[in-house]
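Peer 1: Give me the fold of what follows.
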Amino acid sequence: MPSDATPDPYADPLVFGQRLQILRTRKGMTRPQLGGLVGRSAEWVKSIETGRLKTPKLETILRLAEVLRVRDLADLTGSQSLHVDLFVGPGHPRLAAVKAAVDAFPLGGQREAPPAEHLRARLARAWSARHSAPNHRDVVGALLPDLIRDAQAAVRQADTSADRRAAHAVLAEVYSLSQFFVAYQPDAALLWRVAERGLIAAQESEDPHAIGVAAWLAAQAHRDAGPAHFDAADEVTRQTLAFLEPLLADAPADVLAITGALTFEAGYTAARRGETGTAWRYWDHARDMADRLPETYYHPITSFSRAIMGAHAVTVAVELHQGGESVRQAARADAVVIPSRPRRARHRIEEARGYQLDGQPDVALATLAQAHEAAPETIRYNGYAKRIILEETEAKAPARRQRASELAVKLGLLAA
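Peer 2: Residues are numbered from 1 along each chain as shown. All right, here's what the predicted structure looks like:
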């Protein structure tokens with residue numbers, strides 16, 4: 001290995017502090033940044049990294065893992081008995097087939113593209129399944145390979161410029177659906193290929209809605225990659241909003257909705273930065289857009305609607321580490337009105353984070369049980385939910401410890 005190469009934190013023997021320093025550096029985070037995100041000082045981080053302080057308790061380890069988005073808890077602890085996938089899931093059985101369809105580079109072949117109406121109907125059914133099925137990843141993963149191939153064929157076989165733009169809009173939406181499936185799978189390179197191809201297809205379509213959806217997902221991919229990528233997330237949302245906002249005067253509901261969804265994403269990133277005023281200002285702006293939508297309108301991809309704004313408020317408060325405010329917002333938000341099962345489960349997870357911040361771990365676990373009931377595959381791939389559950393498996397209260405252990409077994413975090 002070259003002398004100036006970054007050490008591998010997964011190669012023994014490295015103590016906890018060394019692993020922490022290497023992972024922090026790889027994420028492009030300073031000690032003050034990491035300390036602030038876990039409620040500690042830069043000096044505390046330095047003391048842990050240099051070994052002046054001993055390895056912290058599990059609660060703090062899980063919080064560090066959450067902020068650093070480590071792929072496996074053992075990568076941070078070094079303990080081979082702690083192989084727990086956090087923000088990267090264990091890998092869905094249908095991932096290989098989806099990856100093969102994405103990775104293919106078809107230049108010709110005998111595959112005949114279906115009629116555009118048929119392809120759109122299949123895509124609509126896939127989105128419906130994504131929102132209604134508790135095992136949504138399994139259902140969508142079964143549909144995606146043929147959808148990807150047929151949408152690619154439609155672009156290649158389009159006869160006119162107008163047909164080609166329309167086909168690109170469909171292909172962009174297929175890639176958007178693919179990104180929902182690929183997210184939190186153990187293949188970051190595949191996620192970025194899907195996100196970038198979605199952006200390119202959307203640009204080729206010249207369709208404002210397709211462009212907005214692709215940008216919405218790209219911004220999430222950047223933000224989820226960690227603080228070093230927040231600027232990229234901001235740039236995607238800024239440029240896309242600058243493109244969309246002048247169109248809103250006479251825009252259809254779907255364009256207004258995707259603009260509102262992107263506006264909230266800007267606030268979400270601001271909340272992750274700890275920028276309280278900016279985060280709530282974007283939320284207010286997004287709520288104004290939601291109020292312009294029909295009362296029963298619900299965007300089929302982003303879930304943006306009047307109903308979702310309460311859930312978004314919980315997310316902002318949680319990301320700002322405002323425990324009391326997140327609980328107050330949770331009381332105002334009614335998850336029952338969120339039609340999408342995975343989005344409803346995600347909201348329950350955000351509520352649970354708020355209750356945990358507010359010192360109500362029993363309520364947090366009960367809320368996570370509701371999330372599991374709504375969409376087991378959503379909670380199984382959610383690192384925040386896993387952190388809370390693992391933390392409470394070591395609770396002093398026997399009843400809480402038992403409840404957390406039962407949830408951990410359901411999620412595959414502990415053996416039955």
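
Peer 1: A333: what's it in contact with?
Peer 2: Applying C-beta atoms under 8 Å, 6 or more residues apart in numbering, we find A333 in contact with 310-311, 313-314, 347, 351. For every residue, glycine as well, the C-beta is placed using N, CA and C.

Peer 1: Now, these that are in helices?
Peer 2: Using DSSP state H, 310-311, 313-314, 347, 351 are the members of the contacts of A333 that sit in helices.

Peer 1: pretty sure R292 contacts L256?
Peer 2: Yes. Between R292 and L256 there is a contact at 6.2 Å, judged by C-beta atoms under 8 Å.

Peer 1: could you dump stretch 233-241 to PDB, C-alpha only?
Peer 2: This file holds the C-alpha atoms of stretch 233-241, laid out as PDB (Å, rounded to 0.1, in the frame of the first residue of the first chain):
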ATOM      1  CA  ALA A 233     -28.100  18.700  -3.000                       C
ATOM      2  CA  ASP A 234     -28.700  22.400  -2.600                       C
ATOM      3  CA  GLU A 235     -27.400  23.100  -6.100                       C
ATOM      4  CA  VAL A 236     -29.800  20.500  -7.700                       C
ATOM      5  CA  THR A 237     -32.800  21.900  -5.900                       C
ATOM      6  CA  ARG A 238     -31.800  25.600  -6.500                       C
ATOM      7  CA  GLN A 239     -31.300  25.200 -10.300                       C
ATOM      8  CA  THR A 240     -34.500  23.100 -10.700                       C
ATOM      9  CA  LEU A 241     -36.600  25.400  -8.700                       C
END
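
Peer 1: Check which residues of it are buried.
Peer 2: Applying a neighbour-count criterion of 16 or more other C-beta atoms under 10 Å, the buried positions in stretch 233-241 are 233-234, 236-237, 240-241.

Peer 1: Where does pLDDT dip in the stretch 251-400 of the chain?
Peer 2: For the stretch 251-400 of the chain, the stretches flagged by pLDDT under 70 are 334-336.

Peer 1: just the stretch 51-200 of the chain next, same as before
Peer 2: Along the stretch 51-200 of the chain, segments meeting pLDDT under 70 span 79-90, 107-109.

Peer 1: What lies in contact with stretch 37-56?
Peer 2: For stretch 37-56, contacts defined as C-beta under 8 Å, 6+ apart pick out 15-18, 20-21, 24, 30-32, 34-35, 60-61, 63-64, 67, 77, 227, 321.

Peer 1: which one is V98 nearest to, not counting chain neighbours?
Peer 2: Leaving aside its chain neighbours, V98 sits nearest to L144 (5.0 Å; criterion: C-beta to C-beta, 6 or more residues apart in numbering).

Peer 1: How many residues are close by that neighbour?
Peer 2: For L144, the neighbour count with other C-beta atoms under 10 Å is 23.
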